[in-house]
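In: Predicted model, plus sequence, below.
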Amino acid sequence: MEYLLELLIFRYGYIGLTFALALGIVGVPVPDEVLLTYSGYLAGNGTLHPLLVVLCAFLGSALGITLSYLIGIRFGLPFLLKYGPKIHISAAKIERAQGWMNKYGNVLLILGFFVPGLRHITAYMAGMSRLKFSTFMLYAYTGALSWSVLFIYIGFLLGDRWLHVKYYVHHYGLAFLLCGGIAIFAVLSFRMLLAMRKVKA
């Protein structure tokens, strides 16, 4: 895994990160969270520029989820039922996502990014329901940015232990992500308060 990610990043750089994430969101089996965390680790050790990593990650995520949305509009449910299993999107996952979409609405476009397997389907659902594109962008792009920043920052913090995130995401899923998100938000808020105090002083 580490070797493949190194090959991707060092051969194709930021462009490789962007397109790998785009393909991963559409449904191609790309280890999205691990790729983001590894990129955060490289940003932390100076190999990559942090702002460019965040920008490319967001662009890739936004590109992938927009493509999924457009496929949902153009081809609908029959296309997803026919070709979904080839990219690990089963009929059961589609049915479950439809239920969640009916229950949680557009917010699922944000939360779906943080649930492996769900983010690959929510945009298809939004497209099939003919959700207005401006509304789709608001929710989906917010999710893309939040998800990208969270995992990049986790990789930045973990350093050489960046690969541990794969275990925690696989075993603890959303609970780990929520705790990680809350912890990072608390750290950033604390740092902001300290900076404000210094300015006032």
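Out: Structure received.
In: What pLDDT is listed against residue 137?
Out: If you check residue 137, the pLDDT there is 93.
In: Quick one: low-confidence residue ranges for the protein.
Out: 1-6, 87, 162-201 (pLDDT under 70).
In: Pull the contacting residues for residue 79.
Out: residue 71 (Cβ atoms under 8 Å, 6 or more residues apart in numbering). Where C-beta positions appear, they are placed from N, C-alpha and C, glycine not excepted.
In: Could you measure from it over to residue 28?
Out: Distance of residue 79 to residue 28, given as Cβ to Cβ, to the nearest Å: 16 Å.
In: Then residue 36?
Out: 15 Å.
In: Who has more neighbours out of the two?
Out: residue 36 (29 against 13; other Cβ atoms under 10 Å).
In: I figured that one hits residue 153, correct?
Out: No - counting by Cβ atoms under 8 Å, residue 153 is not a contact partner of residue 36; they are 9.4 Å apart.
In: how many other residues sit next to residue 135?
Out: Neighbours around residue 135, by other Cβ under 10 Å: 12.
In: does it belong to a helix or a strand, and which?
Out: Using DSSP states H and E, the element containing residue 135 is helix 133-158.
In: Same check on residue 38?
Out: Using DSSP H and E, residue 38 falls in helix 32-44.
In: Tell me which residues of the helix or strand following that helix come out buried.
Out: Following helix 32-44 in sequence order, the next helix or strand is helix 50-83 (DSSP H and E). By 16 or more other Cβ atoms under 10 Å, the buried positions in helix 50-83 come out as 50, 53-54, 56-69, 71-73, 80.
In: so how far is the helix or strand that comes right after helix 50-83 off the chain centroid?
Out: Of the helices and strands lying after helix 50-83 in sequence (DSSP H and E), the nearest is helix 91-104. Relative to its chain's centre, helix 91-104 lies at 19 Å (Cα atoms, centre = their mean, to the nearest Å).
In: cool, and stretch 95-106?
Out: Centroid displacement of stretch 95-106 relative to its chain, using Cα atoms, centre = their mean, is 19 Å.
In: now do stretch 58-69
Out: Put simply, stretch 58-69 sits 10 Å off its chain's centre (Cα atoms, centre = their mean).
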